[in-house]
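1. Pasting a predicted model and its sequence here:
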Amino acid sequence: MTEAPLLDAGIAWFLLVAFSVLWIALGVWWGKRGKGDADDYLLAGRNIGLALSTATLMASWVTGNTTLAAPEVGYTLGLWGMLGYALAGLGLFLFAPLAIRIKRLMPTARTSGDFVRLRYGRVCWAVFLLITMAYTLGFLITQGMGAGLLLQALSGFDYRLGMVCVIGVSTTYTLFGGMRGVVGTDFIQSLLIMALLVLVAVLGYSRISVEEVYVALEAEHPSRLNMLLPAGLLFAWNTGLFSMGEVFHNNIWWSRVFASRPSVVFRSFILGGLAWTTVPIVTGAIALMALATNLDVPQVNMVFPLITAELLGSGGAVVVFIIIFASLTSTLDSLLAASADLIAEDVVAHWLRPGISDAQIRQAARLVVVGLGLLTMLLSWQYITSMYQLLLFTGALVASTIWPIAMGLYWPQANRQAATAAMVVGSITGLLAYVLVAPYCAALVSAAVSAAVMGLGSHWNPERFDWRQLAGR
Amino acid sequence: MPLLITCPTIATATALATAPAPETQWLLPANLFRLVVVGSVIGLTVATLVIVLIWLKEWRQGQLW
């Protein structure tokens, strides 16, 4: 990251302070609304409408990666990179029918852990918590590290300063606003991201036409237009599977189900998925302009900021800063709120201190938000490449949860021992596939083995689960 | 999706993409390329407007929260 920053330091400071104050003020304001009980703090009162529900799904799924790696794969792989990345929207689409079933079966539940504990018992619940915690912590740290690196590249900020600012702002408004503050700011952040991406695409393609980009790609980079590119097909398959594992198990998405009004749950996941799917294609299409103009791109993951600044000047750099800051904070706040929800409800209320009051659960969630924020800062303090290696494994972990959750929601014969074994064996074989075969096989092998273990185990030793057991908490 | 998570896949795919050109290829025609680019921008614009319109409707009816 030694290249000159794209944005003047004074402008960058102004934007950072202005948006930090705005998010914190809105978070505190929204946090003062509602009844003030645990359901209000953890789930925004369980009555979110369609607009806020769709926007919070959209904002949580648009991470720093969507605005940086999606253009990167558009630049390196072309059309299949963009379309393959867009397949990550599959997770939201496929979760829509599950979401409405979850809402019907578990009207008073608060977390994905509640489902696993009530459906499969405490042993499986412990395995599930380990998997989801490992994944969530890795996710939090990558967002923290990403924030530091991106602000450094965009504005010349010190890595630690940028990282602490972004995590600190997200932690503060999540602490005071709870889920209500997260959903409210997510709405504004998602609209900012979407509207500014449209602006960049329209202005960019008004300077260099779609036909000019096509002609340049056909002449100099035909592989980017090849719809039979094997690498692109592999990438698309893995992305779709990974997104299913991530959405099916993570409490970010389950908490949105519990927080939304029953009548909007299904539609919000479909609408959120549709809206999100356009983002990687638009950002990828913007990156293709870099190829068409032969822009020098020293770091391929910075292609989106570089081409935007090249085409739109300093105004473009400002837009990129706002998009990336909104993407990072909207994902960090969702992760912090959903993880606090999970730890306060599952670990504290159902494990360490059973029988604690509603007010104590709320207080525990607030402490967890602060603790997680500080832990994320601490673990992101030093940018280490081994963290990157550690994160490669998470695809295998989350993919192992797809079938235990999907089968557990629809199939009364789904067996608890089989679910536990499916998660453990799926994770182990997925990790082995990663090491011994190839990284892109990890999620595939994990999901396939997990499905076989779950299906065969439940077939040989079927359980007779009474769905009414899920109605408790 | 989480930051960096897909990078191994990207790295692998990039390596494969830069390998010798595959024998089979089908280049997307210009009209379909235009459809992908323009369609995605229109789709994102429509999605933004739809969310704003739903918000306005729910806000007027007091059904936001």
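-> Here it is on my side, so go on. Numbering: from 1, shown residues only, chains lettered A, B, ... in the order given.
2. lowest average confidence, helix or strand, in chain B?
-> helix B:7-17 (a mean of 49; mean pLDDT, DSSP states H and E).
3. Can you name the next helix or strand after it?
-> Going down the chain from helix B:7-17, the next helix or strand is helix B:30-60, by DSSP states H and E.
4. Okay, buried residues for that next one please.
-> The neighbour-count check on helix B:30-60 (16 or more other CB atoms under 10 Å in any protein chain shown) flags B:33-34, B:36-37, B:40-41, B:43-45, B:47-48, B:50-52, B:54-55, B:58 as buried. (C-beta placed from N, C-alpha, C; glycine too.)
5. Do it and chain A come into contact?
-> Yes: residues of helix B:30-60 contacting chain A under CB under 8 Å from any CB of the partner chain: B:30, B:33-34, B:36-38, B:40-41, B:43-45, B:47-48, B:50-52, B:54-55, B:57-58.
6. Check whether A:Ser20 really touches A:Ile167, as I assumed.
-> No: with contacts counted by CB atoms under 8 Å, A:Ser20 stays clear of A:Ile167, the gap being 11.5 Å.
7. Who has more neighbours out of those two?
-> Neighbours were counted for A:Ser20 and for A:Ile167 using other CB atoms under 10 Å in any protein chain shown; A:Ile167 has more, 27 against 19.
8. Any regions of the chain where pLDDT drops low?
-> As the question left the chain open, I've gone with chain A. Residues of chain A meeting the criterion pLDDT under 70: A:1-3, A:384-393, A:473.
9. meant chain B, my bad for not saying
-> In chain B, residues with pLDDT under 70: B:1-23.
10. Could you rerun that using 80?
-> Within chain B, the ranges that satisfy pLDDT under 80 run B:1-24.
11. So which bits of the helix or strand hosting A:Gly315 are buried?
-> Secondary structure from DSSP H and E places A:Gly315 in helix A:303-342. Judged by neighbour count using 16+ other CB under 10 Å, the buried positions of helix A:303-342 are A:303-312, A:316-342.
12. Please work out the angle formed by the directions of the following helix or strand past it and helix A:303-342.
-> Beyond helix A:303-342 on the C-terminal side, the first helix or strand identified by DSSP H and E is helix A:358-380. With axes from the mean of the first three to the mean of the last three CA atoms, to 10 degrees as the basis, helix A:358-380 and helix A:303-342 are set at 140 degrees to each other.
13. so what secondary structure elements neighbour helix A:358-380?
-> On a contact count with 3 or more CB pairs under 8 Å, 6 or more residues apart in numbering or on different chains; DSSP states H and E, helix A:358-380 meets helix A:38-43, helix A:122-155, helix A:159-207, helix A:303-342.
14. what's next to the shortest one, contact-wise?
-> Yep, that's helix A:38-43 we're talking about. A:34, A:45-46, A:110, A:178-180, A:255, A:258-259, A:337, A:340-341, A:344-345, A:358-359, A:361-362, A:365-366 (CB atoms under 8 Å, 6 or more residues apart in numbering or on different chains).
15. how about 7 Å then?
-> For helix A:38-43, the surrounding residues in contact (CB atoms under 7 Å, 6 or more residues apart in numbering or on different chains) are A:34, A:45-46, A:110, A:178-180, A:255, A:258-259, A:341, A:358, A:361-362, A:365.
16. centroid residue for chain A?
-> The centre of chain A sits closest to A:Trp61, judged by CA atoms, centre = their mean, with a distance of 4.3 Å.
17. Name the SS class of the nearest residue to A:Cys124 once chain neighbours are set aside, please.
-> Of all residues not flanking A:Cys124 in the chain, A:Thr420 sits nearest, at 4.3 Å (CB to CB, 6 or more residues apart in numbering or on different chains). For A:Thr420, the secondary-structure state derived from DSSP: H, G, I helix; E, B strand; the rest coil is helix.
18. Near A:Thr420, how many other residues are there?
-> Counted with other CB under 10 Å, A:Thr420 comes out at 23.
19. That one: what's it in contact with?
-> A:120, A:123-124, A:127 are the contacts of A:Thr420 under CB under 7 Å, 6+ apart.
20. any idea how far chain B is from it?
-> Distance of A:Thr420 to chain B, computed by CB to the nearest CB, to the nearest Å: 25 Å.
21. A:Thr331 too?
-> From A:Thr331 to chain B the distance is 8 Å (CB to the nearest CB).
22. roughly how far apart are that residue and A:Val62?
-> To A:Val62, A:Thr331 is 7 Å away according to CB to CB, to the nearest Å.
23. and if you look at A:Met82?
-> 15 Å.
24. A:Asn251 too?
-> 18 Å.
25. Kindly calculate the angle that the helix holding A:Gly315 makes with helix A:159-207.
-> 130 degrees.
26. Show the secondary-structure elements that helix A:303-342 is packed against.
-> helix A:9-31, helix A:50-61, helix A:64-77, helix A:122-155, helix A:159-207, helix A:251-259, helix A:265-292, helix A:358-380 (3 or more CB pairs under 7 Å, 6 or more residues apart in numbering or on different chains; DSSP states H and E).
27. Looking at the ones you listed, which is nearest to A:Gly89?
-> Evaluated over the helices and strands packed on helix A:303-342, closeness to A:Gly89 peaks at helix A:265-292, with 3.8 Å, by CB to CB.
28. is the closest one anywhere near chain B?
-> Yes: using CB under 7 Å from any CB of the partner chain, helix A:265-292 reaches chain B at A:274-275, A:278-279, A:281-282, A:285.
29. Tell me what angle that helix forms with helix B:30-60.
-> 140 degrees.
30. any idea how far A:Val348 is from the closest residue in space to A:Asn461 that isn't next to it in sequence?
-> With CB to CB, 6+ apart as the criterion, A:Asn461 has its nearest non-adjacent residue at 5.4 Å, and that residue is A:Asn415. Distance from A:Asn415 to A:Val348, counting by CB to CB: 29 Å.
31. and those two? which has more neighbours close in?
-> A:Asn415 (24 against 19).
32. Cross-check the contact I'm expecting between that one and A:His459.
-> No: at 8.8 Å, A:Asn415 does not count as touching A:His459 under the criterion of CB atoms under 7 Å.
33. Tell me the spacing between the residue of the stretch 351-473 of chain A found nearest chain B and A:Met58.
-> With CB to the nearest CB, the shortest gap between the stretch 351-473 of chain A and chain B falls at A:Pro439, namely 3.9 Å. From A:Pro439 over to A:Met58 the distance is 28 Å, taken as CB to CB.
34. interface residues of the stretch 101-250 of chain A facing chain B?
-> Checking the stretch 101-250 of chain A against chain B by CB under 7 Å from any CB, the hits are A:139, A:142-143, A:146, A:191, A:194-195, A:197-198, A:201-202, A:210-211, A:214, A:218, A:222-223, A:225-232, A:234-235, A:238-239, A:243.
35. one step back: report the contact partners of the residue nearest to the centre of chain A.
-> A:Trp61 makes contact with A:92, A:276, according to CB under 7 Å, 6+ apart.
36. Next: A:Val265.
-> A:99-100, A:103, A:257.
37. what's the most distant pair in the residues you listed?
-> A:Ile100 and A:Val257 (8.3 Å).
38. More neighbours: the two, which one.
-> A:Val257 (26 against 18).
39. which residues sit in contact with that one?
-> So A:Val257 contacts A:99, A:102-103, A:265 (CB under 7 Å, 6+ apart).
40. How many residues are close by the nearest residue to it once chain neighbours are set aside?
-> Once flanking residues are discounted, A:Val257 sits nearest to A:Ala99: 4.6 Å by CB to CB, 6+ apart. When neighbours are defined as other CB under 10 Å, A:Ala99 has 25 of them.
41. Now do the same contact list for A:Ala99.
-> Here A:Ala99 is in contact with A:257, A:265-266, A:269 (CB under 7 Å, 6+ apart).
42. from those, which two are the most distant?
-> A:Val257 and A:Phe266 (9.9 Å).
43. before we move on, back to that, closest to A:Leu26 out of the contacts of helix A:38-43?
-> A:Arg180 (10.3 Å).
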